[in-house]
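Participant: sequence and predicted structure below; questions after.
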Number of protein chains: 2
Amino acid sequence: MKKIAAIGEIDLIRRIEARFRRIGPLPRAGIGEDAAVIRLPGAGADLAISADLFLEGIHFRRRDFPAEMIGWKALAANLSDMAAMGARPLSYLLVLGLPGRLPESYFNGILSGLGRLSTRYRLRLLGGDTCKFSRLVVGITILGSLQQKRFLPRTGARPGDQLFVTGPLGGSAMGLQLLRRGWKWQSGRPLPPAGKDDSNRKIGLRAARQAMRAHLMPDPPVGTGILLARHRLASAAIDISDGLEIDLERLCRASGVGAALEEDAVPVAPCLREFRDPRRSRKVALSGGEDYELLIAVPPAAVPRLGKAAGKGRRFTCIGEVRPRRFGLRIRDARGVTRPLAPRGFRHFSS
Amino acid sequence: MKKIAAIGEIDLIRRIEARFRRIGPLPRAGIGEDAAVIRLPGAGADLAISADLFLEGIHFRRRDFPAEMIGWKALAANLSDMAAMGARPLSYLLVLGLPGRLPESYFNGILSGLGRLSTRYRLRLLGGDTCKFSRLVVGITILGSLQQKRFLPRTGARPGDQLFVTGPLGGSAMGLQLLRRGWKWQSGRPLPPAGKDDSNRKIGLRAARQAMRAHLMPDPPVGTGILLARHRLASAAIDISDGLEIDLERLCRASGVGAALEEDAVPVAPCLREFRDPRRSRKVALSGGEDYELLIAVPPAAVPRLGKAAGKGRRFTCIGEVRPRRFGLRIRDARGVTRPLAPRGFRHFSS
């Protein structure tokens, strides 16, 4: 009998989509977007809504992930979906599966992290569900509003559009590496493992701090997403949650286009450059997940306006161009050699 | 160090509420209701929204719960929340944690059950999240609309209001008992275990079918909830998910009132009467969870109108009366003896 692991995430989602496509009224955006968009009769703004799971043993290990960051990151991943739609986050629901043996302090820590990020965005916790469970499960459903009923779809990229990212990549993947090597996060600071492993001693505390913060406390570009939607600066957007290569492939598939990526142009997180040689750093920046920056397609006519928006403390880096579908996905490396892109990054159910 | 199991569900929710009370704009209804209610500027209807987890090993065991019913029941529990608010369900999000070894057919079964119930209510699946996980997790967030911006709160019960339930209780608890004894559900029919246990042979197949359907495929009174809200027939409502006694206690606490319950008046599911002696049946009807009927408080002036609504194929059974808070919670048994009510039913984290 065939098992789920043999099917793969993309195919599972396709099956869900196929099964439910014809049931109920069509939303403005649904399965396959970073968030769904629904229109409520009479309302001045459309509603964006998205749900994510944050799971012990899959997205984090309890032994090395500080409780506070579990709350923070679970909510941040949902804020990233709002950013990718250009929505202003409003409120959220929280479902918790809690092991009976979970220390009270850990539970309080989760609430504390959620509270910090909620306060920053003035997000109201609307309700949810709290259950006993064998493993720690944090699930968040976030609601956001789309002013002027504009949103950033995954489907709007057209050949000739320029591809930009909103920030450096690979920092989160480096942070994860540090956790795996035994680094801890204590009182807002990175703590190297006790052993005398030379490779750890070579990493500066500043770089370690940047990397661990990128992994534990990502800070999605919510304001940038709102700006992009309001001024119609992007034809398409996706958040980089599973790695640039995979998420570029998703955006291109949704838009029915190809793309040419300039490997050299991809901004590499500074901490990563200290950690790995340049070649390896670029690879991590291309495939490391959970940076929660945005990948956007910008029509040529909008590029100058994007430049102005960038002036206000935002940074957009052009990393390539949208091409017709038949072009496929290609990447040009530092030596000028172009090769087909075979996306690497995080996929559920891939072994 | 104190563990979660020592805190208890109610106290956990209180802590969550206390931590987040002051963050973000107040919704019309929030934590502590069956669903949250938010108002969107300009919209003709308010939005009700609720999230629930349906967890392997807690809410179901995979070995005896047919896959299709996992999909059905997870969604039904959410529909019950909409019923309790008087909301018309519109659409939902689905998050899945799937063990890699889960058979493909089981996954398809879950979708099939979800699809059946979605079709009945024309509910659109808006999106969600699909992850690999060690145990099966089904999480649903449901959206509903509140016409005329009226909803059924938990907080509105006043002394003198009559307490009604919308249907017989205890059937689901009996269905669970049958599953535990080895009964199976196959091709829409109950199948007794192979052994020669006399207690199983005494149970009629018709009663077994009713009980197992009540447990596996509950059918919440969504239309009734909408009717109650539209015609302002109830001052307060709650769905009976964890048992009448516990949910009555919740409703009374939320409303700041007491209640007098008539044990004899509580409608016992007919299948249960065949299974247990009258005394035990009543006990199960009072404390068995997951019947997903509604408990409502009806102001005396509205009782006649409720009678008319009942004429249209709906049944409301009066089971007691709301009293002042100082009265507490009391139950009068068949012999006319009144005693304080010490709620029994399902609570997470209680041992």
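Facilitator: Great, that's in hand. Residues are numbered from 1 along each chain as shown, chains lettered A, B, ... in the order given.
Participant: wait, what's in contact with A:I16?
Facilitator: Contact analysis of A:I16 by CB atoms under 8 Å, 6 or more residues apart in numbering or on different chains lists A:I31, B:L94, B:L111, B:L125, B:T130. Every C-beta, even on glycine, is put in place using the N, C-alpha and C of the backbone.
Participant: again, only using 10 Å
Facilitator: Contacts for A:I16 (CB atoms under 10 Å, 6 or more residues apart in numbering or on different chains) come out as A:I31, B:L94, B:L96, B:F107, B:I110, B:L111, B:L114, B:G115, B:L125, B:G127, B:G128, B:T130.
Participant: same question, A:L227
Facilitator: A:L227 neighbours (CB under 10 Å, 6+ apart): A:G86, A:P221, A:L233, A:A234, A:L306, A:A309, A:K312, A:R314.
Participant: mind jotting down where the helices sit in the stretch 1-150 of chain A?
Facilitator: A:9-20, A:67-85, A:104-121 (DSSP state H, counting those that start in this stretch).
Participant: any idea which of these is most buried?
Facilitator: Mean neighbour counts were taken over the helices of the stretch 1-150 of chain A using mean count of other CB atoms under 10 Å in any protein chain shown, and the top value, a mean of 27, falls to helix A:67-85.
Participant: which intervals of chain A have sub-threshold pLDDT?
Facilitator: A:196-198, A:348-351 (pLDDT under 70).
Participant: show me the two of the contacts of A:I16 that sit farthest apart.
Facilitator: Set against one another by CB to CB, the contacts of A:I16 have their most distant pair in B:F107 and B:G127, with a gap of 17.6 Å.
Participant: let me see the contact set for whichever residue of the stretch 151-300 of chain A sits closest to chain B.
Facilitator: Residue nearest to chain B within the stretch 151-300 of chain A (CB to the nearest CB): A:S241, separated by 10.6 Å. A:S241 makes contact with A:34, A:52, A:77, A:80-81, A:84, A:172, A:218, A:220, A:247, A:250, A:289-293, A:345-346 under the criterion CB under 10 Å, 6+ apart.
Participant: same check, this time on A:A302
Facilitator: Taking CB under 10 Å, 6+ apart as the test, what A:A302 contacts is A:D161, A:Q162, A:L228, A:H231, A:R232, A:L233, A:A234, A:S235, A:I296, A:A309.
Participant: can you flag which of these belong to helices?
Facilitator: A:L228, A:A309 (DSSP state H).
Participant: and the contacts of A:A302, which of them are buried?
Facilitator: Buried members of the contacts of A:A302, counted by 16 or more other CB atoms under 10 Å in any protein chain shown: A:D161, A:Q162, A:L228, A:L233, A:A234, A:S235, A:I296, A:A309.
Participant: wait, which of those residues is closest to B:R282?
Facilitator: Using CB to CB, the buried ones among the contacts of A:A302 come closest to B:R282 at A:L228, 61.8 Å.
Participant: rewinding a little: will you turn the helices of the stretch 1-150 of chain A into JSON lines that also has distance to A:A334?
Facilitator: Formatted as JSON lines, the helices of the stretch 1-150 of chain A follow (distance: least, CB to CB, whole Å):
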{"stretch": "helix A:9-20", "distance to A:A334": "30"}
{"stretch": "helix A:67-85", "distance to A:A334": "29"}
{"stretch": "helix A:104-121", "distance to A:A334": "38"}
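Participant: which stretch among those helices comes nearest A:R273?
Facilitator: Of the helices of the stretch 1-150 of chain A, nearest to A:R273 by CB to CB is helix A:67-85, at 23.9 Å.
Participant: how about that closest one and chain B, touching?
Facilitator: Yes: using CB under 10 Å from any CB of the partner chain, helix A:67-85 reaches chain B at A:A77, A:N78, A:D81.
Participant: from the residues you listed, which is closest to B:I13?
Facilitator: Among the residues of helix A:67-85 next to chain B, and counting by CB to CB, the member closest to B:I13 is A:N78, at 20.8 Å.
Participant: mind checking the SS state of A:R273?
Facilitator: Secondary structure, DSSP: H, G, I helix; E, B strand; the rest coil: A:R273 is helix.
Participant: any idea how far it is from A:G345?
Facilitator: 20 Å (CB to CB, to the nearest Å).
Participant: chain neighbours aside, what residue packs nearest to A:G204?
Facilitator: Nearest non-adjacent residue to A:G204, counting by CB to CB, 6 or more residues apart in numbering or on different chains: A:E274, 6.0 Å away.
Participant: that neighbour: neighbour count?
Facilitator: 17 (other CB atoms under 10 Å in any protein chain shown).
Participant: dump the residue contacts of it.
Facilitator: Taking CB under 10 Å, 6+ apart, one finds A:M174, A:K202, A:I203, A:G204, A:R206, A:A207, A:A208, A:Q210, A:A211, A:S281 in contact with A:E274.
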